[in-house]
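# the sequence and its predicted three-dimensional model are supplied below.
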Amino acid sequence: ERDHSDLDQSNELAQRLATAANVDRSLVALLEAQTDNFRLLDRRLGARRLLAQTELHVAQITDLLTYSLPGGHRDLLGAAAAEAAALAGWQALDLGNPQKAWEHHETAKTAAKDSGNPSVVAHVTAQQGYALLDLGQSAQAAALIRFARETAGRQGPAILRSWLWAAEAEALAAAG
């Protein structure tokens, strides 16, 4: 005989799986638009006012990703979660919290791998290097950004490749 709490947990799992199964391109587009709006708000209001909201947004997307099955729109959710978590990481850096920034970028990298998109992986990996820069670990930052750039190779948009070179140069300059 099953315990009542076991039944509740099974029902919760079934509900989460069903919700994730209903994710489609239009829902992912709405989530990405929300991330873009958080970026715009961040520029106008600052990270102090936005980080908590951005973290809730990341939690929502990663929850959907956690319960989505391979195929379907898991790759799109992965990209959306990666970009949202990277934004939260950047906001944490703006607030002088490299520990929280590092954690958000770890979430971003995990989600980026689910996206299967090397450009997303390279972007969030390189951006994590800024947490190292904030800690004064510029040589490690340069190495991490170089790894991201080399991993991306010639794939992805030219603007990303340019940004990767510029980020690496910034870290190398900080390293002397």
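Yep, that arrived.
# can you count the residues close to residue 84?
Using other CB atoms under 10 Å, residue 84 has 29 other residues around it. For every residue, glycine as well, the C-beta is placed using N, CA and C.
# kindly report the same for residue 11.
10.
# likewise for the one 4 residues further on?
Residues within reach of residue 15, counting by other CB under 10 Å, total 11.
# residues touching it, list them.
Contacts here follow CB atoms under 8 Å, 6 or more residues apart in numbering; on that basis residue 15 touches nothing.
# again, 10 Å this time
residue 67 (CB atoms under 10 Å, 6 or more residues apart in numbering).
# in the helix or strand bottoming out on mean pLDDT in the chain, what's buried?
Lowest on mean pLDDT, DSSP states H and E among the helices and strands of the chain sits helix 4-21, with a mean of 81. Of all the residues in helix 4-21, those buried under the rule 16 or more other CB atoms under 10 Å are residue 20.
# run the chain-centre distance for it.
Put simply, helix 4-21 sits 26 Å off its chain's centre (CA atoms, centre = their mean, to the nearest Å).
# so who does residue 132 touch?
Residue 132 touches 98, 101-102, 138-145, 171, 174, counting by CB under 10 Å, 6+ apart.
# buried residues, stretch 46-63. List them.
Neighbour-count burial for stretch 46-63 [16+ other CB under 10 Å]: 47, 50, 51, 54, 55, 57, 58, 61, 62.
# which residue packs closest to the third one, ignoring adjacent ones?
Nearest residue to residue 51, sequence neighbours excluded (CB to CB, 6 or more residues apart in numbering): residue 91, at 4.5 Å.
# and for the second one?
For residue 50, the nearest residue in space outside its immediate sequence neighbours is residue 42; the separation is 5.0 Å by CB to CB, 6+ apart.
# next helix or strand past the helix or strand containing the one you found?
Using DSSP states H and E, residue 42 sits in helix 25-45. Sequence order places helix 47-66 as the next helix or strand after helix 25-45, per DSSP H and E.
# convert the C-alpha atoms of that next one to PDB, please.
Output in PDB follows, covering the C-alpha atoms of helix 47-66 (Å, rounded to 0.1, in the frame of the first residue of the first chain):
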ATOM      1  CA  ALA A  47      20.800  44.800 -11.200                       C
ATOM      2  CA  ARG A  48      19.900  45.500  -7.600                       C
ATOM      3  CA  ARG A  49      16.200  45.900  -8.700                       C
ATOM      4  CA  LEU A  50      16.200  43.000 -11.100                       C
ATOM      5  CA  LEU A  51      18.400  40.100  -9.900                       C
ATOM      6  CA  ALA A  52      15.700  38.500  -7.700                       C
ATOM      7  CA  GLN A  53      13.200  38.600 -10.600                       C
ATOM      8  CA  THR A  54      15.700  37.300 -13.100                       C
ATOM      9  CA  GLU A  55      16.600  34.400 -10.700                       C
ATOM     10  CA  LEU A  56      12.900  33.500 -10.500                       C
ATOM     11  CA  HIS A  57      12.700  33.600 -14.300                       C
ATOM     12  CA  VAL A  58      15.800  31.300 -14.500                       C
ATOM     13  CA  ALA A  59      14.200  28.900 -12.000                       C
ATOM     14  CA  GLN A  60      11.000  28.700 -14.100                       C
ATOM     15  CA  ILE A  61      12.800  27.900 -17.300                       C
ATOM     16  CA  THR A  62      15.200  25.400 -15.700                       C
ATOM     17  CA  ASP A  63      12.300  23.700 -14.100                       C
ATOM     18  CA  LEU A  64      10.700  23.200 -17.500                       C
ATOM     19  CA  LEU A  65      14.000  22.000 -18.800                       C
ATOM     20  CA  THR A  66      14.400  19.600 -16.000                       C
END
